[in-house]
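Enquirer: Return a 3D structure for these sequence lines:
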Amino acid sequence: MDERSASAATISILLVDDHPFLREGVAAVLQRQDDMRLVGEAENGEQAIERFRTLKPDVVLMDLQMPGLGGLEAITAIRSEAPNARIVVLTTFDGDVQAYRAMKAGASAYLLKSSLRKELVDTVRAVHAGGRRLSPEIAEKIAMYAIDERLSEREIDVLGLISEGLSNKTIAHRLSITEATVKTHLKSIFLKLDVADRTHAVTVAARRGIISL
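Expert: Have a look, this model is predicted:
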């Protein structure tokens, strides 16, 4: 194989994560692969978009939780400019809502950081070849989320304020609604999340990726 063919066969990768140790670990894994080349790194969504434009990588490895512009927003921006961009989400969270949002935004795969050593290389190759990769557990959660009755945007707003420890009165003031309306939203939230109190609602919502704490 000549140099031009070898270059064409190499998968160029942009790595986006705000943790240096994670980037070092992923870089070490990629360096051991003859068919992969790490062409750039970014620490946040803004850098990811800029470096994608400059480097035009074959595959982007994208963290979701980053300071400033997050992964979901970066995925949306990149895909709006390059509809065929191939993006693998890297995350510590397996919440169904977060996974659903990432895939809906245009990600081709959703990979938990705890499984990087076992699944990263195969996932990159599969996505580069045009495939999509989800673990059975994540796929099941996304399917259940699609079936479940979803929270409205207003209910999510109320949940976010609950997570800050605010009272019904304060929430009503913040959202310019009545306390009675806040209580109605709470009843709906409890029913949809199958919980009995505010604390449990926040816990479940955070675990599923509906809100971030």
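
Enquirer: make it CA atoms for all contacts and neighbour counts henceforth
Expert: Noted.

Enquirer: Give me the below-cutoff pLDDT ranges for the chain.
Expert: 1-8, 96, 136, 140-141, 143-149 (pLDDT under 70).

Enquirer: Kindly list the longest helix within it.
Expert: Criterion DSSP state H: the longest helix present in the chain is helix 179-193.

Enquirer: Off-centre distance for it?
Expert: Relative to its chain's centre, helix 179-193 lies at 27 Å (Cα atoms, centre = their mean, to the nearest Å).

Enquirer: residue ranges of the helices in the chain, please?
Expert: Ranges of helices in the chain, per DSSP H, are 3-9, 20-31, 45-55, 71-81, 96-105, 116-128, 136-147, 153-163, 168-175, 179-193, 198-208.

Enquirer: re earlier: buried sites along the longest helix of the chain?
Expert: Buried residues in helix 179-193, counted by 16 or more other Cα atoms under 10 Å: 179, 182, 185-186, 189, 193.

Enquirer: Skipping its backbone neighbours, what lies nearest the residue nearest the centre of the chain in space?
Expert: The C-alpha lying nearest the average C-alpha coordinate of the chain belongs to Leu64 (Cα atoms, centre = their mean; 4.1 Å). Nearest non-adjacent residue to Leu64, counting by Cα to Cα, 6 or more residues apart in numbering: Gly71, 3.9 Å away.

Enquirer: ditto for Arg150
Expert: Distances taken as Cα to Cα, 6+ apart put Lys192 closest to Arg150, at 7.2 Å, once the chain neighbours are dropped.

Enquirer: Isn't the one you found up against Leu151?
Expert: Yes - with contact defined as Cα atoms under 8 Å, Lys192 counts as touching Leu151 (7.2 Å).

Enquirer: nearest to Asp35, of the buried residues of helix 179-193?
Expert: When those are compared for distance to Asp35 (Cα to Cα), Leu193 wins out at 44.9 Å.

Enquirer: burial of Ile78, as a residue count?
Expert: Using other Cα atoms under 10 Å, Ile78 has 23 other residues around it.

Enquirer: Quick one: residues contacting it.
Expert: Residues counted as contacts of Ile78 (Cα atoms under 8 Å, 6 or more residues apart in numbering) are 49, 52, 85.
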